[in-house]
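K.L.:
missing the sequence, but the structure's below:
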């Protein structure tokens, strides 16, 4: 249980960092858009490349938000069928969903890392500001890796509790 607690503590720290990075990126995106709109309509001089910057910021906000929602267990669930089953069956389906989510996001993380290498080798940049794309893909991969850590911690906690209950019943 000590290892699981340390793993959970690491996850909370990583989610804290992503949450605050997301807050600052979202604030910057809002201010950039507001200033760009004001400059466009008042002085007829928009900020060059503001659309690209907002796109890159959105590429960071979305995975960071997914990780934060997963840590808070704030994703939407529809329990019309499962609410009629016992608590053990609901926990089993939650465990099954976590396993499937873990493997899905592990696959996404793996493919994103491969995509980083491809984009780095191709030297792809944005059209106006010539910002390299691969660091943003790397940040997405890091966020999905942290999501995998969260899902793995939930799986390990569930397994530890199940083994503990099983040992208590014998």
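P.N.:
Received it, and whenever you're ready, just let me know what you need. Keep in mind that what you see is a predicted model, and the values were worked out from it rather than measured.

K.L.:
Quick one: residues in contact with stretch 71-79.
P.N.:
Residues outside stretch 71-79 that contact it (Cβ atoms under 8 Å, 6 or more residues apart in numbering) are 11-12, 15, 68-69, 90, 150. Every C-beta, even on glycine, is put in place using the N, C-alpha and C of the backbone.

K.L.:
got TSV for those, with distance to residue 43 and neighbour count too?
P.N.:
Output for these, formatted as TSV (distance: Cβ to Cβ, whole Å; neighbours: other Cβ atoms under 10 Å):
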residue	distance to residue 43	neighbour count
11	47	21
12	45	13
15	41	21
68	37	20
69	39	13
90	58	14
150	46	25
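
K.L.:
helix or strand right after the lengthiest helix in the chain?
P.N.:
Determined from DSSP state H, the single longest helix within the chain is helix 2-42. Per DSSP states H and E, the first helix or strand lying C-terminal to helix 2-42 is helix 50-72.

K.L.:
Counting by contacts, list what the least confident helix or strand in the chain by mean pLDDT packs against.
P.N.:
In the chain, no helix or strand scores lower on mean pLDDT, DSSP states H and E than helix 134-169, which sits at a mean of 92. If you count contacts as 3 or more Cβ pairs under 8 Å, 6 or more residues apart in numbering; DSSP states H and E, helix 134-169 packs onto helix 2-42, helix 50-72, helix 87-122.

K.L.:
mind putting the ones you listed in a markdown table, distance to residue 134 included?
P.N.:
Shown next, in a markdown table, are those (distance: least, Cβ to Cβ, whole Å):
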| stretch | distance to residue 134 |
| --- | --- |
| helix 2-42 | 18 |
| helix 50-72 | 12 |
| helix 87-122 | 4 |
